[in-house]
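Undergrad: need a structure here:
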Amino acid sequence: MTKKIDIEESKNDDSIRMLISDLKRKQQKVYLGGGKSKIEKQHKKGKLTARERIEFLLDNPKDAIEIGTFVGEGMYEEYGGCPSGGVVVKIGYVSKKLCVIVANDATVKAGAWFPITAKKNLRAQEISIENKLPIIYLVDSAGVFLPMQDEIFPDKEHFGRMFRNNAIMSSMGITQIAAVMGSCVAGGAYLPIMSDEALIVEKTGSIFLAGSYLVRAAIGESVDNETLGGATTHCEISGVTDYKSKDDKDCLSSIKNIMDKIGDFDTAGFSRKESIAPKTEAKELYSKIPYDRVKQYDVKEIIKCLVDNSEFEEYKALFGKTIVCAYARIDGWAVGIVANQRQLVKTKKGEARFGGVIYSDSADKAARFIMNCNQKKIPLLFLQDVTGFMVGSKSEHGGIIKDGAKMVNAMANSVVPKFTIVMGNSYGAGNYAMCGKAYDPRLIAAWPTANIAVMSGASAAKTLLQIKVATMEAKGETLSEEGKNELLKEITDRYNSQTSPYYAASRLWVDDVIDPLDTRKWVSMGIEAANHAPIEKPYNVGVLQT
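TA: The predicted structure follows:
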């Protein structure tokens, strides 16, 4: 028996390591932005790349997390692609102050904004607003990508929303610092000037509502870009910018000095003690994640690999067993964990319960636990591996919709910060109940083992095939068994590609795809960020159908 378990764990370990290797390979490709030749071109101008700028700015580049590494992957291929959405976003420490950094990547279409670029920039501002974190903009952008202007410019969540947020954030007292390190044109010119302080780099930085070519076309004036909106113009004549820097490093050093003087912040008061590493070696986590996503496993073994000293206090351990609720600490921070249990479990009456499915009793338990965490001011961590709510006449008669609604209500109205890790399956209403993207987790990350969709690929493909066959038969057409199998494979392959964590990450349905070993770091930094924002409203779930 022991030998069999060892073989299974070895298969698990091999499988996840292959997925991690693929993750690292994809990351290295993204880190090149527009490619080596574009990076060399940037260097010849005396400029650092977006990633080099952030690395220089951070106290310790390793002590940071990146948001949206894979944004834009597989998108806009007709235009040559848009690696990382043409903008790099990180949360890290500058002069010992936790902050958000947003840097345009000028190696990608001169830093122009695609639709997904706008979404990513707004996500960075959302993180700053929710957590009241200072935000630093490193501007180097040609503005809106004109071939797609109709998808970027006029709507509520488009380009202009960023400047609206600048104004709102300023009124909230959130520090905003902007450095113009390259082009800053048209509507984008408002961003640095709507920030608290603006820096500009000599010879490479420029700010204007219209460049020299457009000025000549519009009013007939001939003027070069440097005279029109360079560092000397804006620091000595217009007074638009506050600091002139001789080069990128000088500019970034000035930002460090500004950040060093920022005063302390009010805290939310979340509990933290000295961090203790898990007793279970972190890399054992790899052997606990099944290589086959249909296989069952005990999520408590995963939790032991994530929490301090591998210790947790389970809530209602003998009730509603398809969800595990527990109090624990991660890197010293107190957390309330809500995790889908993927083991086949039995009730006291001997009834079998499918792992990964939410039943009425587990939904009721989770709702009560979430309320308790809000009462005690304990941040929530959701570990998703869920296929959905239980269906069938017995569940419907038992009020599964009512109990599911209770859980969603309790979770949606939570005032303590929520964090979500998609470990495996994340299907249908289960995604919602376990704090999917629509429910405002402060951070949401996926492991490479994640699958996010309305339902599993196999189930969806069979349903879609049945609809296709029925449509054909209604027209008097028939499909051979071989034809059905080919169509089923085609549908399955297409659907499965859309359930990939990278597909989700490219569209910012999750903030990033991460190595499971980085989970503690993500949760810890997330709670530290959230601790900058005191809770300002009482917890109220409204009407609950009990």
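Undergrad: Name the secondary structure element that contains N12.
TA: helix 2-31 (DSSP states H and E).
Undergrad: Buried residues in that helix, which are they?
TA: In terms of neighbour count (16 or more other C-beta atoms under 10 Å), helix 2-31 has its buried residues at E8, E9, N12, D13, S15, I16, L19, I20, L23, K26, Q27, V30. C-beta: built from backbone N, CA, C; applies to glycine.
Undergrad: what bits of this structure have low per-residue confidence?
TA: Within the chain, the segments meeting pLDDT under 70 span 1-5, 187, 212-213, 348, 350, 352, 397-399, 455-458, 460, 545-546.
Undergrad: any chance of the buried residues of helix 2-31 in CSV, with distance to K45 too?
TA: Output for these, formatted as CSV (distance: C-beta to C-beta, whole Å):
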residue, distance to K45
E8, 55
E9, 52
N12, 48
D13, 46
S15, 45
I16, 42
L19, 38
I20, 36
L23, 32
K26, 28
Q27, 26
V30, 22
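Undergrad: what comes up buried for stretch 335-346?
TA: When neighbours are counted by 16+ other C-beta under 10 Å, the buried residues of stretch 335-346 are found to be V335, G336, I337, V338, A339, N340, Q341, R342, Q343, V345.
Undergrad: likewise stretch 463-471?
TA: Going by neighbour count (16+ other C-beta under 10 Å), the buried part of stretch 463-471 is L464, L465, V469.
Undergrad: Am I right that the second one is in a helix?
TA: Yes. Following the definition DSSP: H, G, I helix; E, B strand; the rest coil, L465 is counted among the residues of a helix.
Undergrad: need the contact list for it.
TA: Applying C-beta atoms under 8 Å, 6 or more residues apart in numbering, we find L465 in contact with K484, L487, L488, I491.
Undergrad: Kindly recompute the last result at 10 Å.
TA: With contacts taken as C-beta atoms under 10 Å, 6 or more residues apart in numbering, L465 has the following neighbours: L479, K484, N485, L487, L488, E490, I491, T492.
Undergrad: Show me those residues that map onto helices.
TA: Counting by DSSP state H, the part of these found in helices is K484, N485, L487, L488, E490, I491, T492.
Undergrad: Is it possible to get CSV of those that adds neighbour count and distance to I219?
TA: As requested, those are exported to CSV (neighbours: other C-beta atoms under 10 Å; distance: C-beta to C-beta, whole Å):
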residue, neighbour count, distance to I219
K484, 14, 67
N485, 12, 67
L487, 17, 61
L488, 16, 63
E490, 12, 57
I491, 18, 57
T492, 17, 59
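Undergrad: what's the closest of those to P154?
TA: Sorting the ones in helices among the contacts of L465 by how near they are to P154, with C-beta to C-beta, puts I491 at the top with 36.3 Å.
Undergrad: Could you find the closest non-adjacent residue to the closest one?
TA: With C-beta to C-beta, 6 or more residues apart in numbering as the measure, A461 is the residue that lies nearest to I491, at 4.4 Å, once sequence neighbours are left out.
Undergrad: now swap in K300 and tell me
TA: Nearest non-adjacent residue to K300, counting by C-beta to C-beta, 6+ apart: V324, 6.2 Å away.
Undergrad: helix, strand or coil for the one you found?
TA: Under three-state DSSP, the three-state class of V324 is strand.
Undergrad: quick one: which helix or strand includes A339?
TA: A339 is part of strand 333-340 when elements are defined by DSSP H and E.
Undergrad: elements contacting that strand?
TA: Counting contacts by 3 or more C-beta pairs under 10 Å, 6 or more residues apart in numbering; DSSP states H and E, strand 333-340 packs against helix 299-306, strand 312-315, strand 323-330, helix 360-376, strand 380-386, strand 418-427, helix 428-433, helix 519-530.
Undergrad: The shortest one: partners in the sheet, and parallel or antiparallel?
TA: Strand partners for strand 312-315, identified by DSSP bridges, are recorded as strand 323-330 (antiparallel).
Undergrad: Pull out the buried residues from the strand it pairs with.
TA: I323, V324, C325, A326, Y327, A328, R329, I330.
Undergrad: Contact partners for the fifth one?
TA: If I follow you right, that is Y327. Taking C-beta under 10 Å, 6+ apart as the definition, contacts of Y327 comprise 307, 311-315, 334-337, 369, 372-373, 376, 378.
Undergrad: And the furthest pair within those?
TA: Taking every pair in the contacts of Y327 and measuring C-beta to C-beta, the maximum separation is 18.6 Å, between E311 and N372.
Undergrad: mind listing the strands for the stretch 51-200 of the chain?
TA: With DSSP state E, counting those that start in this stretch, the ranges of strands along the stretch 51-200 of the chain come out as 65-67, 87-94, 97-104, 135-141, 176-185, 197-201.
Undergrad: closest to G388 among the buried residues of strand 323-330?
TA: Checking the buried residues of strand 323-330 one by one against G388 (C-beta to C-beta), the nearest turns out to be I323, at 12.8 Å.
Undergrad: I'd like the next helix or strand past the helix holding N12.
TA: Next along the chain after helix 2-31, taking DSSP H and E as the criterion, comes helix 36-44.
Undergrad: what's the distance between stretch 77-96 and the middle of its chain?
TA: Taking C-alpha atoms, centre = their mean, to the nearest Å, one finds stretch 77-96 lying 12 Å from the centre of the chain it belongs to.
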